[in-house]
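Student: After the sequence you'll find the predicted model.
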Amino acid sequence: EAGVTQFPSHSVIEKGQTVTLRCDPISGHDNLYWYRRVMGKEIKFLLHFVKESKQDESGMPNNRFLAERTGGTYSTLKVQPAELEDSGVYFCASSQDWLAGAHGELFFGEGSRLTVL
Amino acid sequence: AQSVTQLGSHVSVSEGALVLLRCNYSSSVPPYLFWYVQYPNQGLQLLLKYTTGATLVKGINGFEAEFKKSETSFHLTKPSAHMSDAAEYFCAVSDHDAGNMLTFGGGTRLMVKP
């Protein structure tokens, strides 16, 4: 069974450009999460999808970040325009259902490293 | 708001020695508690968790952790380190009444010397 896959693994862009990160959760996992780790800091929650709906987007930093999950399958996270402080590793995770997620049974991808110059 | 503190961003032990990674949390109510591990070039994976019941929980690869409410701690231990334990370890909590958001500590990188 394929795990959570993220693309690209590493992206280097200039300040002001746009980047789109993609996450493919484990097949059948309705719950999908985005987290971010800025260099030297904690991993922080960004948002939580249940199917195609945003269950909780309280961690989204500002309106330069847009997350979508059309059809309840894969998800994208777009940063537009990117700023220097957006650099970090963006993790995607999925859980089989809400309860599994509440119990920490998340499957994480390897992360997408974003470098903004 | 919840917070998680991991004492020591880097811990080095010799192979065969005790591993002790510290985690303290602050929360208004006892949260759910987790340890995740990230091996090089891999995603985070759940090592063990405490939700309810027995306060000493066992996880994969010989690790265990004890929830101590009076100390607001959830330290991770392993009696004998193995070279393959070298990884970054993250303590996390969730407020089970407030959704599935995890609050992570800063992580501890464990190095194991031969």
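Tutor: Structure's in. What do you need? Numbers count the residues shown, from 1 in each chain, chains lettered A, B, ... in the order given.
Student: For residue B:78, which non-adjacent residue is closest in space?
Tutor: Leaving aside its chain neighbours, residue B:78 sits nearest to residue B:19 (4.2 Å; criterion: Cβ to Cβ, 6 or more residues apart in numbering or on different chains). In short, each C-beta sits where N, CA and C put it, glycine included.
Student: so what's that neighbour up against?
Tutor: B:11, B:13, B:63, B:76-79, B:81, B:85, B:110 (Cβ atoms under 8 Å, 6 or more residues apart in numbering or on different chains).
Student: Find the closest residue to chain A in chain B.
Tutor: residue B:43 (3.5 Å; Cβ to the nearest Cβ).
Student: Of the contacts of residue B:19, grab the buried ones for PyMOL.
Tutor: Selection of the buried residues among these in PyMOL, burial being defined by 16 or more other Cβ atoms under 10 Å in any protein chain shown:
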select buried, chain B and resi 11+13+63+76+78+81+85+110
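Student: Tell me which two of the contacts of residue B:19 sit farthest apart.
Tutor: B:11 and B:79 (15.4 Å; Cβ to Cβ).
Student: hang on, the earlier thing: give me the element the residue of chain B closest to chain A is part of.
Tutor: Using DSSP states H and E, residue B:43 is not contained in any helix or strand.
Student: That one: neighbouring residues, count only.
Tutor: Look at residue B:43: counted by other Cβ atoms under 10 Å in any protein chain shown, it has 20 neighbours.
Student: contacting residues for it?
Tutor: A:3-4, A:91, A:93, A:107-111.
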